[in-house]
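J.: sequence and predicted structure below; questions after.
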Amino acid sequence: MQPVRTVTIVGGGTAGWMTAAALSQWLTKVEIRLIESEEIGTIGVGEATIPHIRNFLPLAGIDPLAMIARTKASFKLGIQFVGWGAEGESYVHGFGKIGRDMLWLHTHQLWLAARERGLPLRSFDHYALNCAAALRNRFCFPDARNPQSPLADLDYAYHFDASLFARFLRKESEQRGVRRIEGRIVAVDVNGEWGEVERVRLADGRELDGDLWVDCSGMRALLIGEALGVGYEDWSHWLPCDRAQAVPCESVSPLTPYTRATARAAGWQWRIPLQHRIGNGIVYSSALMSDEQAAETLLGSLDGAPLGDPRPVRFAPGRRLEAWRRNVVAIGLSSGFLEPLESTSIHLIQTGIQRLLAMFPANGMAEPDIAEFNRQARFEMEDVRDFIIAHYAVTRRTGEPFWDHVRTMAVPDSLAERLALFASSGRFFKHGAAELFAEESWVQVLLGQGFAARADPVTRFVDDRALGGFLGEVEEVIADVAGRMPDHGAFVAGLPERSPRSSAPAVSF
Ligand code: FAD
């Protein structure tokens, strides 16, 4: 086992530069290099995140306010799903807490009970502050110092410009000593005895040796796939979308604090509002929608004038069978891909980086670390996969081949068991602490799409008056607080470009 003296990151997309920024913040005694090719470029999409991104920024030594200013970011309180339950319907999957509990009964159980009894009731997103604020275009930071305040329950993420984000991280990383090497890799030498990657060869004849390699080369998976031959598990039988097209358009007012995902005939369309433009794209099944139809649908439903031409991106939903083999760790699209319905890819980059730091092979590669890394990566991908499939499986859309297929297909056993439990009693339990999406997320999607579920039988001990009074009060408080929050666009415009104090790590290695 050789100690790791150099880390070579292959690829300078979001994955490559996030890895460089985080590793250079902590591993100051290791040489960090990043090879990227301007000629090949990056995928250039990936602009919506989930709240965990706020943990990544300090890990990578990034000031959030500087990030917001430099990447033209906006805030994200959740995702509005349009037409997913049925045409003409919509709901919000908001981050943060929902309502409040009555003993151990969560708000959704009381809502289900009220629905069963035919009591007056608003749609479920009226009982969560994030959703109510999103729909009123309001935003402010959570009131973390006052746990009694309803504003303590807010949670948020960011929308940012993907290329500005990579550029911002590159500058921060280079300032910390990361060496960027411009060049196209044309060959990868694998050591015949150990099967490790030894060096890469660039088109201009340069050769680079290395100890640990991080494959951030995107869907091509240059090292983990092409050089080391690690296979790919394809999930397209559950997730039939295999193509996407993206196009930005001019901004319109108001600046909305949420992503929108609108169901289309054979897929769905996203809308991501940024300060300077709106990101749009369509994700579709190429078996049921042509590239021309997809482009027409996308361009025909933009809020502002398009700022470019859409171009198709092909993808295969699934995961790399091993995210770490020998001296290569795959982070980003090289390790697998799930469609961006719940904005999870950047999060999976983040957890890949955190795992690499937690199991960093300072003394050389160790099989127990590699096995644990791969176990966690697999759990995480399968967990997110089930949540994405659930959005399709519980649709009530009928009469369209795409939606008829996903509504009636067999789902993974893990998901089928979870849906059966929820249908019979509204009960939901995490399958493990490492699951990404909490009960709040599942419940909002299932109820938002009109999934038929019975209330927890214990709710029969709560009489109609108490039930109606409780839900009425929750809704009233949330509407009042959301109504008093500042306008999102004005809040963003009023932010300073830097935090008063920047955080430097107390310890590094
Ligand atoms: P890439 O951006 O493809 O970067 C690959 C890098 O490798 C490039 O720098 C390239 O030059 C380099 N490279 C490749 N081959 C060579 C070579 N031979 N020599 C040298 N360099 C090489 N994620 C989210 O979290 N939220 C979203 O809203 C979201 N939306 C998405 C929408 C779509 C349609 C798609 C397809 C993905 C989306 N994602 C989203 C995922 C997100 O875009 C990616 O996870 C993220 O951009 C990371 O990509 P990457 O860095 O792994 O790959």
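T.: Everything's here; your move.
J.: for the ligand, see how far away the residue most central in space within the chain is.
T.: Residue closest to the mean C-alpha point of the chain, counted by Cα atoms, centre = their mean, is Thr344 at 2.0 Å. As judged by Cβ to the nearest ligand atom, to the nearest Å, Thr344 and the ligand stand 6 Å apart. For every residue, glycine as well, the C-beta is placed using N, CA and C.
J.: quick check, that residue in contact with Gln350.
T.: No. Counting by Cβ atoms under 8 Å, Thr344 does not reach Gln350; the two are 10.1 Å apart.
J.: ok so, going back, next one: the residue nearest to the centre of the chain from Gly218, what distance?
T.: Distance from Thr344 to Gly218, counting by Cβ to Cβ, to the nearest Å: 17 Å.
J.: pretty sure Ala20 is touching Gln175, no?
T.: No. Checked against Cβ under 8 Å, the pair Ala20 and Gln175 is beyond contact range at 11.2 Å.
J.: helices along the stretch 201-350 of the chain, start to end?
T.: 291-299, 345-358 (DSSP state H, counting those that start in this stretch).
J.: most packed of these?
T.: helix 345-358 (a mean of 21; mean count of other Cβ atoms under 10 Å).
J.: circling back: of Ala20 and Gln175, give the one with the bigger neighbour count.
T.: Ala20 (29 against 10; other Cβ atoms under 10 Å).
J.: any idea which element the closest residue to that one other than its chain neighbours lies in?
T.: Excluding its sequence neighbours, the residue lying closest to Ala20 (Cβ to Cβ, 6 or more residues apart in numbering) is Ser173, at 4.1 Å. Under the criterion of DSSP states H and E, Ser173 resides in helix 162-175.
J.: contacts for that helix next, please.
T.: 12-14, 16-18, 20-21, 24, 32, 34, 42, 44-47, 60-62, 66-67, 70-72, 180 (Cβ atoms under 8 Å, 6 or more residues apart in numbering).
J.: check stretch 416-426 too.
T.: Stretch 416-426 is contacted from outside by 108-109, 112, 386, 390, 393-394, 410-411, 427-429, 431, 442, 446, 451-457, using Cβ under 8 Å, 6+ apart.
J.: kindly report the same for stretch 285-295.
T.: 240-243, 245, 264-267, 282, 284, 297, 310, 312, 314, 401-402.
J.: just the C-alphas of that stretch, formatted as CSV.
T.: Output in CSV follows, covering the C-alpha atoms of stretch 285-295 (Å, rounded to 0.1, in the frame of the first residue of the first chain):
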residue,chain,number,x,y,z
SER,A,285,-38.8,9.0,-23.3
SER,A,286,-37.3,8.9,-26.8
ALA,A,287,-39.5,5.8,-27.6
LEU,A,288,-42.6,7.9,-27.2
MET,A,289,-41.6,11.5,-28.0
SER,A,290,-39.2,12.5,-30.9
ASP,A,291,-36.5,15.1,-30.4
GLU,A,292,-38.5,17.5,-32.6
GLN,A,293,-41.7,17.1,-30.6
ALA,A,294,-39.8,17.6,-27.4
ALA,A,295,-38.1,20.8,-28.6
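J.: how far off centre is that stretch?
T.: In terms of Cα atoms, centre = their mean, to the nearest Å, the centre of stretch 285-295 is found 24 Å from the chain centre.
J.: that one near the ligand at all?
T.: No. No part of stretch 285-295 sits near the ligand under the criterion Cβ under 6 Å from any ligand atom; the closest distance found is 11.5 Å.
J.: mean confidence for that stretch?
T.: Stretch 285-295 carries an average pLDDT of 98.
J.: quick one: secondary structure of Ser441?
T.: helix (DSSP: H, G, I helix; E, B strand; the rest coil).
J.: list, one by one, the residues from this structure near the ligand.
T.: Residues of the chain lying near the ligand (Cβ under 6 Å from any ligand atom): 11-16, 35-37, 40-43, 45-49, 184-185, 216-218, 220, 222, 244, 246, 281, 313, 315, 332-333, 340, 343-346, 349.
J.: tell me which of the residues you listed fall in strands.
T.: The strands, defined by DSSP state E, take in Ile35, Glu36, Ile185, Ala244, Ala246, Gly281, Val313 from those.
J.: sweet, I'm off.
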